[in-house]
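**Student:** compute the structure for the input listed below.
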Amino acid sequence: MNKKPDTKIKQILQENDDIVVPRNISKGIDETLKSLSNKKTINNKKVIAAASVIIFLSITPLSIKALKDMFYTYIPSTGNIISTDSTIYLLEKTINKKIGSRKVTLKELSYDVKNKMIIVSVEGNGQLPSNEATIKINKYKLKSNTCNITKIYDTSSYASWRGNYFFEYDKKYNEKNVELEFTLDNGNKAIFNCKLSKAKQVNNISELGYSAFNKNIEITAIVDEENNKLYVTLLDNLPKENMVVNYGVSPYPTNYDLDRTIEGIITLKDRDGNISKGKLEEGTDLLTDNRYCIDITNLKKPFTLEIPSINIVIPEGINSSDIVELPIPTNEDKIDINKNIMINNEDEMFMKANPHVNIVSIQREGEYYTIELHYPDNKDREVKMLECVVVPAGNSITTKAENWFEEGLSGNISKDGNRTITFKLPKQNDDKLFIKVLGSEYEIKGPWKIIID
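**Tutor:** Modelled structure (predicted):
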């Protein structure tokens, strides 16, 4: 077992194109976000779009992929769907523990039989736990091969972490007891005892819950009812790998801000017309807004869950302009460009979006350059481009592998609604700059109305 699981995972994804994880967020995004967050003008929504474009380099056509003898398996803790012919064993329910002053959650423990891999997902408060964990199954004791535990918060008053341990396991599992152990920052042992069950496998995502179909996009709601709360996980039939889908307005309002708005959010209406708002389930990651908690106290079925729109962050290369040549200004200089370009929408799903972008100007401040973009108001369109980003092209690239500006991008929306993007050149190239403008985020209006009886 000389091959690290993270390397093995990448190899599996490359060699087996039957594995599809629509909303899987590469751990590389964490590093990209960290790098981008160092810029002085930053916006989380823009960072997510930019990080997604740089990470999602491998794309396939959006047409539905034929999967012979394949089944969909839902991973409850992540909200992800995988399609595979492998048997998957899963933790039946999240386990929470209080260990001294620490709170620790075992979110998932899954075993992929075909790929001989166990993945453990944990989170808690305090400083980082040990970078090694052990698992006991029957008489076998395993040590984790690698982990990717990272900090979420680290302030003087509060710290927390989240991540995964990876194990290789090539034995038969008979649904026996599994014991997981790792060490917390205060020296206490976190020990979890659990059993795994064979995951439900279906031929169609819609078999997992209640569905609605609109604009050739099917959205399925997997629901769980407990203590007057309806927990909803949303999935869709978009087959594009590495596409990030957000349901409702994006970024979705925090639960505090939700009390003061209703526009663009997910709502649930009961048979008498009473409405309850969809709140993000506690602990839901900003990058994967697909899990919601809805108060159904005194509400009567059937319910109608309404999703007004979806936002899609897409990989690089789907929607791109041709190469654009721009002058490089001298220091502290600004050059007016006023050049109209077109984003080539290669995918049918985005054909109705307004593809026109105007490059207003380019300005230099030391090593950094700022391009101002404007795209026409398309608020009445059923499909509209929300964001675009700039990447180097042609002679602005030092090597074939270089597809991003040094130190990434930062940007904001100015008062007049224009988009400004700041970057650092990968190299100086005489007096010319070559770029492409990519459509990176789109909104598709619904609604999708899902009946829950």
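**Student:** and stretch 208-223, end to end?
**Tutor:** 9 Å (CA to CA, to the nearest Å).
**Student:** poorly predicted segments of the stretch 101-250 of the chain, please.
**Tutor:** 239-242 (pLDDT under 70).
**Student:** need the strands for it, in chain order.
**Tutor:** 102-112, 117-125, 134-137, 140-143, 146-147, 150-154, 159-168, 177-183, 189-198, 201-202, 210-214, 217-226, 229-236, 244-247 (DSSP state E, counting those that start in this stretch).
**Student:** bridged to the nearest residue to Ala133 once chain neighbours are set aside, which residues?
**Tutor:** The shortest distance from Ala133 to any residue other than its chain neighbours is 3.9 Å, reached at Phe182 (CB to CB, 6 or more residues apart in numbering). (Glycine included, C-beta is placed from N, CA and C.) With DSSP bridges applied, Phe182 shows beta-bridge pairing to Ala190.
**Student:** hang on, the earlier thing: and the strands of the stretch 101-250 of the chain: which comes nearest Asn255?
**Tutor:** strand 229-236 (13.0 Å; CB to CB).
**Student:** distance from the chain centre to that closest one, please.
**Tutor:** Chain-centre distance of strand 229-236: 16 Å, with CA atoms, centre = their mean, to the nearest Å.
**Student:** C-alpha coordinates for it, CSV please?
**Tutor:** Listed next in CSV are the C-alpha coordinates belonging to strand 229-236 (Å, rounded to 0.1, in the frame of the first residue of the first chain):
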residue,chain,number,x,y,z
LYS,A,229,-38.8,20.2,10.9
LEU,A,230,-38.6,19.1,7.3
TYR,A,231,-35.0,18.5,6.3
VAL,A,232,-34.5,18.8,2.5
THR,A,233,-31.5,17.8,0.3
LEU,A,234,-31.8,18.9,-3.3
LEU,A,235,-30.2,17.1,-6.2
ASP,A,236,-30.4,17.6,-10.0
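**Student:** quick one: strands adjacent to it?
**Tutor:** Strand 229-236 has these strand partners (DSSP bridges): strand 217-226 (antiparallel), strand 291-295 (antiparallel).
**Student:** what comes up buried for the last one?
**Tutor:** Within strand 291-295, the residues scored as buried using 16 or more other CB atoms under 10 Å are Arg291, Tyr292, Cys293, Ile294.
**Student:** any idea which helix or strand comes after that strand?
**Tutor:** Downstream of strand 291-295, the first helix or strand assigned by DSSP states H and E is strand 303-313.
**Student:** I'd like the mean pLDDT over that following strand, please.
**Tutor:** In this model, strand 303-313 has a mean pLDDT of 93.
**Student:** counting contacts, what elements does that strand pack onto?
**Tutor:** With contacts taken as 3 or more CB pairs under 8 Å, 6 or more residues apart in numbering; DSSP states H and E, strand 303-313 sits against helix 44-55, strand 217-226, strand 229-236, strand 244-247, strand 267-269, strand 432-452.
**Student:** neighbouring strands for the fourth one, and are they parallel or not?
**Tutor:** Taking DSSP bridges as the criterion, strand 244-247 sits next to strand 303-313 (antiparallel) in its sheet.
**Student:** stretch 345-365 - what's its average pLDDT?
**Tutor:** Mean per-residue pLDDT for stretch 345-365: 85.
**Student:** for stretch 281-290, same thing?
**Tutor:** Stretch 281-290 comes out at a mean pLDDT of 62.
**Student:** how long is it end to end?
**Tutor:** First-to-last residue span, stretch 281-290, CA to CA: 9 Å.
**Student:** for Asn345, which non-adjacent residue is spatially closest?
**Tutor:** Using CB to CB, 6+ apart, the closest residue to Asn345 is Asn319 (5.1 Å).
**Student:** list the contacts of the residue nearest to Ala133.
**Tutor:** Residues near Phe182 by CB atoms under 8 Å, 6 or more residues apart in numbering: Val122, Pro129, Ser130, Glu132, Ala133, Thr134, Tyr165, Lys189, Ala190.
**Student:** nearest to Leu208, of those residues?
**Tutor:** Nearest to Leu208 among those, counting by CB to CB, is Val122 at 25.1 Å.
**Student:** rewinding a little: quick check on the residue nearest to Asn345: phi, psi?
**Tutor:** phi -120, psi 110 (degrees, to the nearest 10).
**Student:** any idea how this protein splits into domains?
**Tutor:** According to automatic domain parsing, the chain comprises the domains 88-198, 205-313+446-452.
**Student:** closest to Arg364 out of the strands of the stretch 101-250 of the chain?
**Tutor:** strand 244-247 (32.4 Å).
**Student:** CSV for the contacts of Phe182, including distance to Lys339 and neighbour count?
**Tutor:** Listed next are the contacts of Phe182 as CSV, based on distance: CB to CB, whole Å; neighbours: other CB atoms under 10 Å:
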residue, distance to Lys339, neighbour count
Val122, 51, 24
Pro129, 53, 24
Ser130, 55, 18
Glu132, 55, 14
Ala133, 55, 22
Thr134, 60, 17
Tyr165, 51, 27
Lys189, 63, 10
Ala190, 58, 20
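**Student:** which two in those residues are spaced the farthest apart?
**Tutor:** Tyr165 and Lys189 (14.5 Å).
**Student:** beta partners of the residue nearest to Lys171 when sequence neighbours are not counted?
**Tutor:** Among residues not flanking Lys171 along the chain, Tyr140 sits closest, at 6.1 Å (CB to CB, 6+ apart). Here Tyr140 sits in beta bridges with Ile137, going by DSSP bridges.
**Student:** just give me the neighbour total for Tyr140.
**Tutor:** Using other CB atoms under 10 Å, Tyr140 is surrounded by 10 other residues.
**Student:** now swap in Pro315 and tell me
**Tutor:** Neighbours of Pro315 (other CB under 10 Å): 22.
**Student:** could you do Val202 as well?
**Tutor:** 13.
**Student:** next: the one 4 residues further on.
**Tutor:** By other CB under 10 Å, the residues close to Ser206 number 17.
**Student:** same check on Pro327?
**Tutor:** Using other CB under 10 Å, Pro327 has 12 neighbouring residues.
**Student:** test my guess that the residue nearest to Lys171 contacts Tyr173.
**Tutor:** No. Counting by CB atoms under 8 Å, Tyr140 sits too far from Tyr173 to count as a contact (10.2 Å).
**Student:** Leu109 pairs with what?
**Tutor:** Beta-bridge partners of Leu109, as defined by DSSP bridges: Val120.
**Student:** roughly how far apart are it and Asp224?
**Tutor:** According to CB to CB, to the nearest Å, Leu109 and Asp224 sit 19 Å apart.
**Student:** more crowded one of these two?
**Tutor:** Set Leu109 next to Asp224 and count neighbours by other CB under 10 Å: Leu109 wins out with 24 against 12.
**Student:** next, the contact list for the more buried one, please.
**Tutor:** Leu90, Leu91, Ile118, Ile119, Val120, Ser121, Val178, Leu180, Phe192, Cys194, Leu196.
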